[in-house]
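S.K.: just the structure for this:
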Amino acid sequence: WFSGWRDALTRPSDQTYTRIAQSPNAKSSTAFLWIFLGSLVSSLLALPAQTVVMRQIMESTGLADQGIPAATGGGIAGIICGAPIAAVISVVFFAIVVGIVQFLAKMFGGTGTFDQLAYAIAAIVAPFYLVSGLLGLLSAIPYAGACFGILGFVLGLYVLVLEIMAVKGVNQFGWGAAIVSLVFSVFCASRCFFCFLA
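M.R.: Sure, this is the predicted structure:
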């Protein structure tokens with residue numbers, strides 16, 4: 001897994017993602033496991049920092065006097081219970097997005113499969129989750145948090161470009177079809193997710 005992740009992140013090309021997708025290990029179950037574990041570690045790293053930041057916001061706005069922080073942080077129990085729930089939600093969201101991307105890719109003449117695409121994109125997203133969890137933890141450092149936030153944003157854009165390249169490489173078609181497939185899928189899945197929460 002390490003060499004696949006390294007290649008996906010540091011040697012981006014159509015050939016790299018085609019090779020990753022053609023691996024005998026290219027199964028959606030492996031991709032889901034990577035996403036679950038990456039999201040779990042990311043949540044375990046980021047939730048304590050978010051709890052501290054939320055507590056600071058509540059205290060600065062005067063809401064701490066009304067007993068609200070007890071419901072927002074949850075302490076260690078909230079982190080331990082919240083992280084697996086966040087990881088499961090990440091896997092479900094990942095599966096929905098990859099399913100929509102592959103459906104659209106097939107409409108554009110793509111030759112890949114759901115398993116291949118899920119595996120290739122998970123090789124990009126799972127390590128990004130780990131890095132973003134670390135950046136989330138570091139963002140709680142006073143005055144330096146903004147720098148880590150900017151770095152996270154830049155890394156997020158890099159991951160988006162890599163995901164488009166993965167869709168292109170796995171499905172063996174052009175840039176336009178890859179961009180439309182991915183961007184439209186993320187938009188649709190986000191809308192569905194927010195409608196579900198509402």
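
S.K.: only C-alpha atoms for contact and neighbour calcs from this point on.
M.R.: Will do.

S.K.: look up phi and psi at G110.
M.R.: phi -70, psi 150 (degrees, to the nearest 10).

S.K.: again with Q172
M.R.: According to degrees, to the nearest 10, Q172 has phi 60, psi 50.

S.K.: what about it, how many residues close to it?
M.R.: Counted with other Cα atoms under 10 Å, residues neighbouring Q172 total 19.

S.K.: what helix or strand does the closest residue to W34 other than its chain neighbours sit in?
M.R.: For W34, ignoring the flanking residues on the chain, the nearest one in space by Cα to Cα, 6 or more residues apart in numbering is A126 at 5.7 Å. Element membership for A126 (DSSP states H and E) is helix 114-138.

S.K.: what segments of this protein are helices?
M.R.: Ranges of helices in the chain, per DSSP state H, are 2-10, 14-21, 28-61, 69-72, 75-107, 114-138, 145-171, 175-197.

S.K.: now render the ones you listed as TSV, adding mean pLDDT.
M.R.: Shown next, in TSV, are those (pLDDT from 0 to 100):
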stretch	mean pLDDT
helix 2-10	81
helix 14-21	89
helix 28-61	79
helix 69-72	46
helix 75-107	86
helix 114-138	89
helix 145-171	88
helix 175-197	78
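
S.K.: please identify the most buried of those.
M.R.: helix 114-138 (a mean of 24; mean count of other Cα atoms under 10 Å).

S.K.: now do that one against helix 14-21, angle only.
M.R.: Angle of helix 114-138 versus helix 14-21, following axes from the mean of the first three to the mean of the last three Cα atoms, to 10 degrees, is 100 degrees.

S.K.: quickly note the distance from the residue nearest to the spatial centre of the chain to M107.
M.R.: In the chain, the residue lying closest to the centroid (Cα atoms, centre = their mean) is V125, at 5.2 Å. Going from V125 to M107 by Cα to Cα, to the nearest Å gives 24 Å.

S.K.: next one: A166
M.R.: Relative to M107, and taking Cα to Cα, A166 is found at 17 Å.

S.K.: what does V161 give?
M.R.: 21 Å.

S.K.: and if you look at S190?
M.R.: 21 Å.
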